[in-house]
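[1] the amino acid sequence is not available; the structure is as follows:
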């Protein structure tokens, strides 16, 4: 898909995850650390209003409202800068296409839009380079749903979408290509819950505290550079986590004989590596940027409808 540009404004889709920020072309951890003085060693530094923000050295702690602190605003500026850098740009008028968890859309949509548009023009430095952007509009869509919206015409029968992120799992039932508004759910059982459980169990059984990055690598690839004793504990807890996920999906009427399941988000790798499932009834969408791309595609579709009206 080529760049979306409407009336000279560049549309940038951003998926504000608790684990990672995703755009069409970039993925980076959602951690933010603020400093009064420029850090001596850090590389991904964003400078704004006399403050220095180190980006991407950790994940973000779960908060129920994404506008509850300053972090996602700073992360948004970093995401925009990364997309502009790919295009060789230092300034641009932009439209942000973003999303919120399905169950939080109604209550948080307006406040999140105001949060991202708090300053229509902003100048800042990122990775030593100067950027000036004008945020002309913010369009907000249901998280996860955006990743499959373009394919809904092919969804015959009953389908379930499970977006398993670092902080939450968002679930949506779809019947004959039509999302069911009364069957959408958001649960705080994201991948970080599995990471915490693994860390606790390894410490309890092996007397070791593995670095979080080791656990993440194990969950992504199914193996890690640690002893088999530690891997056995991690594997057991990963399997238990996937069982818990399928138990929760069953509560929401998932039945492998009746329902086609589509899994997106970082949790898809856990299901692939450690889950027990019928591959003929489960699709794991491995493109971690699928939702960010979907936001842009939804904006494009809406724009074309307005244009044709």
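    Good, I have the coordinates. Just so it is clear, the structure is predicted and the values come from calculations on it, not from any experiment. Numbering: from 1, shown residues only.
[2] residue 172 touches residue 152, doesn't it?
    No: if you go by C-beta atoms under 8 Å, residue 172 and residue 152 don't touch, sitting 11.0 Å apart. Quick note: C-beta positions are derived from backbone N, CA and C, even for glycine.
[3] so the two - more neighbours on which side?
    residue 172 (25 against 14; other C-beta atoms under 10 Å).
[4] picking up where we left off before, joint contacts of residue 172 and residue 152?
    residue 179 (C-beta atoms under 8 Å, 6 or more residues apart in numbering).
[5] may I see the buried residues of stretch 44-59?
    If you call a residue buried by 16 or more other C-beta atoms under 10 Å, then stretch 44-59 has these buried ones: 44-48, 52-56, 59.
[6] pretty sure residue 149 contacts residue 298?
    Yes: counting by C-beta under 8 Å, residue 149 touches residue 298, with 5.7 Å between them.
[7] the two - which one has more neighbours?
    residue 298 (20 against 17).
[8] name the residues of the top strand by length along the chain that come out as buried.
    Under DSSP state E, the strand in the chain containing the largest number of residues is strand 129-142. Going by neighbour count (16+ other C-beta under 10 Å), the buried part of strand 129-142 is 131, 133, 135-142.
[9] what about the residue lying closest to residue 176 once chain neighbours are set aside, how many neighbours?
    With C-beta to C-beta, 6 or more residues apart in numbering as the criterion, residue 176 has its nearest non-adjacent residue at 6.1 Å, and that residue is residue 156. Residues near residue 156, counting by other C-beta under 10 Å, number 10.
[10] and the next element down the chain from the longest helix along the chain?
    Assignment by DSSP state H gives helix 228-251 as the longest helix of the chain. Moving toward the C-terminus from helix 228-251, the next helix or strand (DSSP states H and E) is strand 260-264.
[11] which stretches of the stretch 151-300 of the chain form helices?
    191-206, 212-221, 228-251, 268-274, 290-308 (DSSP state H, counting those that start in this stretch).
[12] out of those, deepest packed?
    Among the helices of the stretch 151-300 of the chain, ranked by average contacts under mean count of other C-beta atoms under 10 Å, first place goes to helix 268-274 (a mean of 21).
[13] so which elements touch that helix?
    Counting contacts by 3 or more C-beta pairs under 8 Å, 6 or more residues apart in numbering; DSSP states H and E, helix 268-274 packs against strand 158-164, helix 212-221, helix 228-251, strand 282-284.
[14] can you lay out the ones you listed as JSON lines showing distance to residue 303?
    What follows is the helices and strands packed on helix 268-274, written out as JSON lines (distance: least, C-beta to C-beta, whole Å):
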{"stretch": "strand 158-164", "distance to residue 303": "24"}
{"stretch": "helix 212-221", "distance to residue 303": "36"}
{"stretch": "helix 228-251", "distance to residue 303": "34"}
{"stretch": "strand 282-284", "distance to residue 303": "28"}
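[15] out of these, which gets nearest to residue 92?
    Of all the helices and strands packed on helix 268-274, strand 158-164 sits nearest to residue 92, with 29.1 Å by C-beta to C-beta.
[16] give the buried residues for that closest one.
    158-164.
[17] least confident of the buried residues of strand 129-142?
    Looking at these by pLDDT, the weakest one is residue 142, with 86.
[18] okay, the angle between the lowest-mean-pLDDT helix or strand in the chain and strand 129-142?
    Comparing helices and strands within the chain by mean pLDDT, DSSP states H and E singles out helix 290-308 as the least confident, with a mean of 84. Angle, helix 290-308 to strand 129-142, by axes from the mean of the first three to the mean of the last three C-alpha atoms, to 10 degrees: 80 degrees.
[19] how far off centre is helix 290-308?
    Put simply, helix 290-308 sits 18 Å off its chain's centre (C-alpha atoms, centre = their mean, to the nearest Å).
[20] low-confidence stretches in the stretch 151-300 of the chain?
    With pLDDT under 70 as the threshold, the stretch 151-300 of the chain has no low-confidence stretch at all.
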